[in-house]
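K.L.:
show me the folded form of this:
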Amino acid sequence: MATATDPSSPPPSHSSAPPIRAVSPSLSLPIPSTKLSEKNYLTWCQFMVSVLKSNRAIRFIHPTEIPPKYLSEFDCTHHHINPYYLSWEEQDQTVFAWILNSISESLHTRVIGCTSSSQLWDELHSFCNVHTKARSRQLRAQLRNISQGNNTISEYFSSIKCITDSLASIGTPISTTEHIDYVLDGLGEDLSSLL
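P.N.:
Modelled structure (predicted):
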């Protein structure tokens, strides 16, 4: 009886050979405590990029070089996939699932059809960037229209600070000069006349 090391053993047939399996190095991808929503893109993005960099996996959201799926026409014809591509694809899908699991359910419909980490990342960035610009315009309009009215000076300053903090949190802070202008423009007549 021939053994596996016996040279007289017939070579295993291709039909019975196990499929090629890419084995990627383990990635440590913790889910953020707060999932991505329309309001927290900057802090979510900062966490995600930090984790990807610590895993040397930033290349999956900003790919510079993807291994070719097939190394030759022969491989393509016979469906022999490049092992390096399989390894890349496995890791990419791990990152893809991680990103998908870190976004709120309200955003899931926005990313239907995405198949790679970079495509998913770009779609989320594009959507959140548009949302951030709209939110910034809304907050700036509130600043232009804010006035002291019947509020105390402390309440008035708190209202302005709340809006300026919101602008800073979405990455569109106002300058000190703008801040002062908004404060002065909305002061009551009794106070503005003293300036």
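K.L.:
alpha carbons only for contacts and neighbour counts from here, please
P.N.:
OK.
K.L.:
in this protein, which helix is the longest?
P.N.:
helix 117-145 (DSSP state H).
K.L.:
just checking, what packs against that helix?
P.N.:
helix 83-101, helix 153-169 (3 or more Cα pairs under 8 Å, 6 or more residues apart in numbering; DSSP states H and E).
K.L.:
which of those helices has the lowest average pLDDT?
P.N.:
Sorting the helices and strands packed on helix 117-145 by mean pLDDT places helix 153-169 lowest, at a mean of 88.
K.L.:
tell me how far the helix or strand following it is from the chain's mean position?
P.N.:
Remark: after helix 153-169, the chain's next helix or strand is helix 176-185, criterion DSSP states H and E. From the chain centre to the centre of helix 176-185 is a distance of 34 Å (Cα atoms, centre = their mean, to the nearest Å).
K.L.:
run through who's touching helix 176-185.
P.N.:
The contact list for helix 176-185 (Cα atoms under 8 Å, 6 or more residues apart in numbering) reads Leu143, Arg144, Ile146, Ser147, Phe157, Ile160, Thr164, Ser192.
K.L.:
most neighbours among those residues, please name it.
P.N.:
Highest neighbour count within the contacts of helix 176-185, by other Cα atoms under 10 Å: Leu143, with 22 neighbours.
K.L.:
returning to what we had before: buried ones in the longest helix of the chain?
P.N.:
Across helix 117-145, burial judged by 16 or more other Cα atoms under 10 Å covers 117-121, 123-124, 128-129, 132, 135-136, 139-140, 143.
K.L.:
tell me the mean pLDDT for that helix?
P.N.:
91.
K.L.:
over to stretch 46-60?
P.N.:
Rounded mean pLDDT across stretch 46-60 is 94.
K.L.:
what do you get for stretch 176-191?
P.N.:
78.
K.L.:
pull out the buried residues from that stretch.
P.N.:
Tyr182, Val183, Asp185, Gly186, Leu187, Gly188.
K.L.:
TSV please, covering the contacts of helix 176-185 and showing distance to Val111.
P.N.:
Below are the contacts of helix 176-185 laid out as TSV (distance: Cα to Cα, whole Å):
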residue	distance to Val111
Leu143	34
Arg144	35
Ile146	37
Ser147	41
Phe157	40
Ile160	36
Thr164	31
Ser192	50
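K.L.:
most packed of the helices and strands packed on helix 117-145?
P.N.:
helix 83-101 (a mean of 18; mean count of other Cα atoms under 10 Å).
K.L.:
other SSEs contacting that one?
P.N.:
Applying 3+ Cα pairs under 8 Å, 6+ apart, one finds that helix 83-101 contacts helix 117-145.
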